[in-house]
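Engineer: Just the structure for this:
(2 chains)
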Amino acid sequence: NAGVTQTPKFQVLKTGQSMTLQCAQDMNHEYMSWYRQDPGMGLRLIHYSVGAGITDQGEVPNGYNVSRSTTEDFPLRLLSAAPSQTSVYFCASRVEAGASYEQYFGPGTRLTVT
Amino acid sequence: AQSVTQLDSQVPVFEEAPVELRCNYSSSVSVYLFWYVQYPNQGLQLLLKYLSGSTLVKGINGFEAEFNKSQTSFHLRKPSVHISDTAEYFCAVSVRSGAGSYQLTFGKGTKLSVIP
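Structural biologist: I've put the predicted structure just below:
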């Protein structure tokens, strides 16, 4: 199993540009989520999905869109990039939405917005 | 609302010395607690978790944590650290959302630096 994969690893955008961060998992997990990591802030939840076709907002959803058309994929879209979105983005998945399941993380995408 | 406080942002420790990374949580209901580790330029991986039962939880790489309900703490310990333990450590609590699913809420992290 490849686990959770993310592309690209690095990206530089100009303010106002849009892009999609890709996330895929091959573990047949129902639950997937996106976090951003900023220095001294820990990880903050952007959006999550409890299954194909079902998504919901996390703690910091503004400026981001998601959709979940398949179990495997959970892309994150930046609609109009802003310097405040400079961050490291992590995708994660787990078996289902229950409390006790281990969450598996991808290697991250480092995004810089100039 | 549940939250997690990691009391130290950075902890330097000499190789082969013991270490304790502190974590406190706030909650009025049953909690599920986790410690994750992030090595430089990598994603997070699970060290250990507390769901119920024994309050002393053992994890990978010689780490253990003790759940203390009266003090609302879940401190991480290792009796003898190695250079390879240099990483950032995150405490997390599983929080039930209004829709009924559970989300992980993370502390701000503690950077452990092991000094040769």
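Engineer: Can you name the residues in contact with the lengthiest strand in chain A?
Structural biologist: Using DSSP state E, we find that the single longest strand of chain A is strand A:42-51. Where contact means CB atoms under 8 Å, 6 or more residues apart in numbering or on different chains, the residues beyond strand A:42-51 that reach it are A:30-38, A:55-61, A:64, A:66, A:68, A:71, A:74, A:76, A:89-90, A:96-97, B:44, B:90, B:99, B:101, B:103-109. Placement of C-beta: from N, CA and C, glycine included.
Engineer: could you give the mean pLDDT of that strand?
Structural biologist: On average, the pLDDT along strand A:42-51 is 95.
Engineer: next helix or strand past it?
Structural biologist: strand A:54-57 (DSSP states H and E).
Engineer: So which bits of that next one are buried?
Structural biologist: A:55, A:56 (16 or more other CB atoms under 10 Å in any protein chain shown).
Engineer: go on, stretch A:71-86?
Structural biologist: A:71, A:72, A:74, A:75, A:76, A:78, A:81, A:85, A:86.
Engineer: Stretch B:47-56 too?
Structural biologist: For stretch B:47-56, by 16+ other CB under 10 Å, it's B:47, B:48, B:49, B:50.
Engineer: returning to that earlier point: now, of the contacts of strand A:42-51, which are buried?
Structural biologist: By 16+ other CB under 10 Å, those give A:30-37, A:55-56, A:58, A:60-61, A:64, A:66, A:68, A:71, A:74, A:76, A:89-90, A:97, B:44, B:90, B:101, B:103-109 as buried.
Engineer: quick one, what contacts the nearest residue to residue A:12 once chain neighbours are set aside?
Structural biologist: Closest residue to residue A:12 apart from its sequence neighbours, by CB to CB, 6 or more residues apart in numbering or on different chains: residue A:112 at 4.8 Å. Residue A:112 sits next to A:11, A:12, A:13, A:86 when contact means CB under 8 Å, 6+ apart.
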